[in-house]
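Undergrad: below are the sequence and a predicted model; questions follow.
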Amino acid sequence: MWHHLIVLALVLVVHVAVLCRVLLNDDMNSEARAAWFFVLIGFPIIGIAVYLFLGEPWMARRFRQRASAVWERPVSNASTMPGGLSSGVIPDRYRPVFETCASLNGCGAAIGNLASLAADSNAAIRDMARDFDLARETIHVSFYIWLTDNNGRLVVEALQRAAARGVTCRVVVDAFGSRDLIRSAHWAAMEQSGIKLCTSLVSSLGVSLASISRPDLRNHRKIVVVDNSITYCGSQNCADPEFRIKPRFAPWVDIMLRFEGPVARQNQLVFANDWAIEYGEDLSNLLSEPFRGELKGSCAAAAFGTGPMSPKGSMSDVFVSLLQSAQQEVVISTPYFVPDSQLLASLMASARRKVATILVLPARNDSHVVSAISRAYYAQLLAAGVRIYEYHGGLLHAKTVVVDGQLTLVGSANMDFRSLYLNFENNILFYSDRDSSNVRARQDTYISSSTPVDERDVRKRPRLRRIYDNLLTIVGPVF
């Protein structure tokens, strides 16, 4: 009898302590706080266990110490990185967006880049392999998911050929997303070829809470940098569009851009920070080298990374600043749409001030929960004037924002809580009429394969489905 009361009292004390932690956590936004409060009150025992593992983006003390030491170097070396907003190339109304990115990369926009849009996912991988075959000094690759399919093996073989020529090759993959590659013979073969390999965010039980990180944090970045002068950025993992681990949603529809110019060194900075933190090798010498290539284009671009230790809400700030800069049109594609309050409000405000605001989402999503939450927001978005399209040509995985056909954001970040607050992400913002028009034309192909969402149909959804979807929005920040 008494031992039951003691256990109950201990559970009550822990429950109250965790609730107080939620209320005292100044780094948690109101939506996340409300979501966790709902989970903890509704499911006290399970809620406590889940919160202790997934409630906060806590990182191992060793990781945080290394990160702090590494991030101090790029700040001091920011003046050596290509960037700045004094050239007059960027219109005044877009400057706040680049300044938001400058707060994350420390150097603003790099001028004189040449950008090209890959025809499709297979073409992007072929282009990478061709650049690898022409590389002379370094190749750096980071992928969240790397499969051992046709495209995955094509990249492995191109890296092996480069390493055999004496090119220094460094590879980072996420421990969870690329687990099949890590366990395969291809991983061992790359290591035997002399390629330096790093597995990012390896889960470890450790001996204390100070030695382990939140287990569901992901290195979601997709970065390729060749010879410090060519870089790729977009939504594409190293895999075939058939995406054989989830074939029923195929094809995966992605976007990837190749940039040649000084913005490559900014993307190099994002890679170098990850590499120094997790592999332990300092690449400051590559970052301090002056750009030796030819300025072949007129594209102004800024590469930046975000993650769980970035200023809170920084990725959301970038999206919001983009929306606020639009005057005629803003077109967005994203596979996972679970916005925070400021992003949702900015989308509706954009439409209300008569900016043509278009949101393209996949009709069939590999995440049922995310799909339900997305549809729960349809009614208020449509009422505000946002035009929503559902894509039927596979899983639309491209993350794109194009403002007025001039300013574009591409990269790995989705418009969901994981990308906004938890995952390590990378993106490139660029200003170029020609290159933005190319991405905007690609968005039109998504729209042409989509069905417009009718507000009347949304209002007719069964009440039980609306209750279910709206309940999920309450706990959306937990996912």
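TA: Now that the structure is in, tell me what you want to look at. Numbers count the residues shown, from 1 in each chain.

Undergrad: how close does Y446 sit to L395?
TA: 12 Å (C-beta to C-beta, to the nearest Å). Every C-beta, even on glycine, is put in place using the N, C-alpha and C of the backbone.

Undergrad: show me whatever sits in contact with both of those two.
TA: V253 (C-beta atoms under 8 Å, 6 or more residues apart in numbering).

Undergrad: contact partners for F430?
TA: N113, A115, F259, V263, C299, A300, A301, A302, L407, T408, S436.

Undergrad: give me the beta-bridge partners of the third one?
TA: The bridge-partner assignment for F259, based on DSSP bridges, gives A115, T231.

Undergrad: any idea how far it lies from S116?
TA: In terms of C-beta to C-beta, F259 sits 8 Å off from S116.

Undergrad: neighbour count for these two, which is higher?
TA: F259 (27 against 15; other C-beta atoms under 10 Å).

Undergrad: that one: what's it in contact with?
TA: Contacts of F259 by C-beta under 8 Å, 6+ apart are N113, L114, A115, I230, T231, Y232, C233, N267, C299, A301, I428, F430.

Undergrad: nearest to Q328 among these?
TA: Minimum distance to Q328 across these is 18.5 Å, recorded for F430 (C-beta to C-beta).

Undergrad: and that closest one, that one's in a strand?
TA: Yes - assessed with DSSP: H, G, I helix; E, B strand; the rest coil, F430 lies in a strand.

Undergrad: quick check: closest non-adjacent residue to it.
TA: Distances taken as C-beta to C-beta, 6 or more residues apart in numbering put A301 closest to F430, at 3.9 Å, once the chain neighbours are dropped.

Undergrad: so that neighbour, which of the three states?
TA: A301 - assigned by three-state DSSP - is strand.

Undergrad: surely it and S436 touch.
TA: No - contact between A301 and S436 fails when scored by C-beta atoms under 8 Å: they sit 11.1 Å apart.

Undergrad: sorry, back to before: in JSON lines: the contacts of F430, plus pLDDT and distance to R466.
TA: Converted to JSON lines, the contacts of F430 look like this (pLDDT from 0 to 100; distance: C-beta to C-beta, whole Å):
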{"residue": "N113", "pLDDT": "96", "distance to R466": "47"}
{"residue": "A115", "pLDDT": "97", "distance to R466": "43"}
{"residue": "F259", "pLDDT": "98", "distance to R466": "44"}
{"residue": "V263", "pLDDT": "95", "distance to R466": "45"}
{"residue": "C299", "pLDDT": "96", "distance to R466": "45"}
{"residue": "A300", "pLDDT": "96", "distance to R466": "45"}
{"residue": "A301", "pLDDT": "96", "distance to R466": "42"}
{"residue": "A302", "pLDDT": "96", "distance to R466": "41"}
{"residue": "L407", "pLDDT": "98", "distance to R466": "36"}
{"residue": "T408", "pLDDT": "98", "distance to R466": "35"}
{"residue": "S436", "pLDDT": "98", "distance to R466": "37"}
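
Undergrad: so where is the stretch 51-200 of the chain shaky, pLDDT-wise?
TA: For the stretch 51-200 of the chain, the stretches flagged by pLDDT under 70 are 73-87.

Undergrad: strands of the stretch 251-400 of the chain, start to end?
TA: 252-253, 256-260, 299-306, 329-333, 356-362, 387-391, 395-396, 400-403 (DSSP state E, counting those that start in this stretch).

Undergrad: now for these, which one comes closest to A49?
TA: Using C-beta to C-beta, the nearest of these to A49 is strand 299-306, at 28.3 Å.

Undergrad: partners of the closest one in the sheet?
TA: strand 110-117 (antiparallel), strand 425-431 (antiparallel).

Undergrad: now the shortest one: average pLDDT?
TA: Averaged across strand 425-431, the pLDDT comes to 98.

Undergrad: now do it against strand 256-260, angle only.
TA: Strand 425-431 and strand 256-260 meet at an angle of 60 degrees, taking axes from the mean of the first three to the mean of the last three C-alpha atoms, to 10 degrees as the criterion.
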